[in-house]
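# I would like the atomic coordinates for the input below:
(2 chains)
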Amino acid sequence: MERTGYKSPAAERLDTTRLDATFAALADSTRRAILARLASGEASVTELAAPFEMSQPAISKHLKVLEAAGLIVRDRDAQRRPSRLDATRLAEACQWLADYRQFWESSFKQLDALLGELKSKKKKGKKHKHKKH
Amino acid sequence: MIYPDSFKMSTPSDREIQVTRVFDAPRALVFEAFTKPELVKRWLLGPPGWTMPICEIDLKVGGVYRYLWHNDSDGREMGLSGVFREIVSPKLLVATENPTWHASEALDTTTFVEEGSATRMTITVLYESTEVRDIALKSGMDRGMAMSYDRVEELLSSLLAA
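Numbering: from 1, shown residues only, chains lettered A, B, ... in the order given. Okay, the predicted model is just below:
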C-alpha cells in the first residue's frame, strides 16, 4: 500500500483484494485473539489451541485463513511449524484502518472539550437568568 | 467525566464501517454539535494540523452539507459533501456522503441514544460495494489524515481494541 506515486489500476485491485482478505481474517474473534497472542511471540498449533479450548484442526483452519491474508507466516521446515506475525504485511494492510480510527479519536477528543465548554456556558446562562427574576 | 474508552470501530458487514462513542452531554447538545456549522468546525478536525475553512450545513431533508479540510503545514485539502435524506432531531441523521478524492457515494446513518445523562453516538457508513468501501477509505486516508505507526504492536493493539 504505497503512500505516494502512481498506482496502476491492477495494483489498486490487488490492494483491494488483499484488504478484503484482511477484513475477512479479522472478522473472527478467535483469529483476533490468535493475532494478539502472536504479538507477544511465535507459537505452535498446540500452544495456540490450549487457551481456546478448541481442537488443533480448528486452530489450524484459522491459521490457514490468517496465512492466506498475509497476516502471519508459518515455518515450513521446523517440526513445530510455529506461527508468527508478518509485521510488515500487517502494518501495510491495516494502516488505513488505523488512520480512520485516528481521525475519529482525535476529533472526538476535541468534541469532548467543546461539549464541556457548551455545558458550562448553559449552566452559567441559567444562573444568570435566575438572578434576573 | 469523559468516555474515551467507549470508542469502538467495527465492520458490521462487508459494505459498512461503524464508529461509536459515548459523550458526557445531553442528547440535544450532542445533536447540536453535529449539525451546527459553527460547532462542527471546532471539533471535526482529525489529528493536529487540520482546519475546516468551509463548513456549510443546510439542515433539512434535501439540504446540502459541504466540508473542506485544509492542512496548514503542507497545504493539502480534502472535501466531503452530501445531501440529508432523513432528520429526526435530536435522534437520527441520514445523509449521503461524496468525498472529493474518489467518485463514490456512501450513506451515513448517525444515531444519538440517551444513556443516563450521557449520549451514545453511532455512525454507520454504508458503501455501494466492498470495493468502493476499501478504495474510498484507503485512498482518502492515504492522501489525507494519515498518521504513521512506527510500531506494529501499537497498531495491532489499537486495531484489536476496535
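# Tell me how many other residues crowd residue B:33.
21 (other Cβ atoms under 10 Å in any protein chain shown). Just so you know, the C-beta spots here come from the backbone N, C-alpha and C atoms, and that holds for glycine as well.
# Would you mind listing the buried residues in the strand or helix carrying it?
Using DSSP states H and E, residue B:33 sits in helix B:27-35. By neighbour count on 16 or more other Cβ atoms under 10 Å in any protein chain shown, the buried set for helix B:27-35 is B:27, B:29-35.
# could I get those as CSV with pLDDT and distance to chain A?
Supplementary listing: these in CSV, determined by pLDDT from 0 to 100; distance: Cβ to the nearest Cβ, whole Å:
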residue, pLDDT, distance to chain A
B:27, 95, 11
B:29, 94, 6
B:30, 95, 7
B:31, 96, 11
B:32, 94, 8
B:33, 95, 6
B:34, 95, 9
B:35, 96, 13
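# Can you give me the buried ones in the longest strand anywhere in chain B?
In chain B, taking DSSP state E as the definition, the longest strand is strand B:77-88. The neighbour-count check on strand B:77-88 (16+ other Cβ under 10 Å) flags B:78, B:80-84, B:87 as buried.
# ok, and which of those reach chain A?
Contacts with chain A within the buried residues of strand B:77-88, as defined by Cβ under 8 Å from any Cβ of the partner chain: none are present.
# Give the helix, strand or coil label for residue A:65.
helix (DSSP: H, G, I helix; E, B strand; the rest coil).
# Can you tell me, leaving aside adjacent residues, what's nearest to it?
residue A:25 (5.3 Å; Cβ to Cβ, 6 or more residues apart in numbering or on different chains).
# what about the helices in the chain?
Let's take chain A. A:9-26, A:29-38, A:45-52, A:56-68, A:87-132 (DSSP state H).
# wait, I meant chain B there
Using DSSP H, the helices found in chain B span residues B:27-35, B:37-43, B:130-143, B:152-161.
# Check chain B and tell me which residue is nearest its centre.
residue B:123 (7.0 Å; Cα atoms, centre = their mean).
# show me what contacts it?
B:18-20, B:108-110 (Cβ atoms under 8 Å, 6 or more residues apart in numbering or on different chains).
# Repeat the analysis, applying 6 Å as the threshold.
B:19, B:110 (Cβ atoms under 6 Å, 6 or more residues apart in numbering or on different chains).
# ok, back up a step: now the buried residues of helix B:27-35 as a markdown table including distance to residue A:112?
Shown next, in a markdown table, are these (distance: Cβ to Cβ, whole Å):
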| residue | distance to residue A:112 |
| --- | --- |
| B:27 | 15 |
| B:29 | 12 |
| B:30 | 11 |
| B:31 | 16 |
| B:32 | 15 |
| B:33 | 10 |
| B:34 | 14 |
| B:35 | 18 |
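# hey, what's the nearest residue to residue B:51 once chain neighbours are set aside bridged with?
Distance criterion Cβ to Cβ, 6+ apart; nearest residue to residue B:51, sequence neighbours excluded, is residue B:70 at 5.4 Å. Beta bridges link residue B:70 to residue B:51, residue B:77 when assigned by DSSP bridges.
# Output the below-cut-off pLDDT ranges for chain A.
A:1-20, A:23, A:27, A:88-97, A:127-133 (pLDDT under 70).
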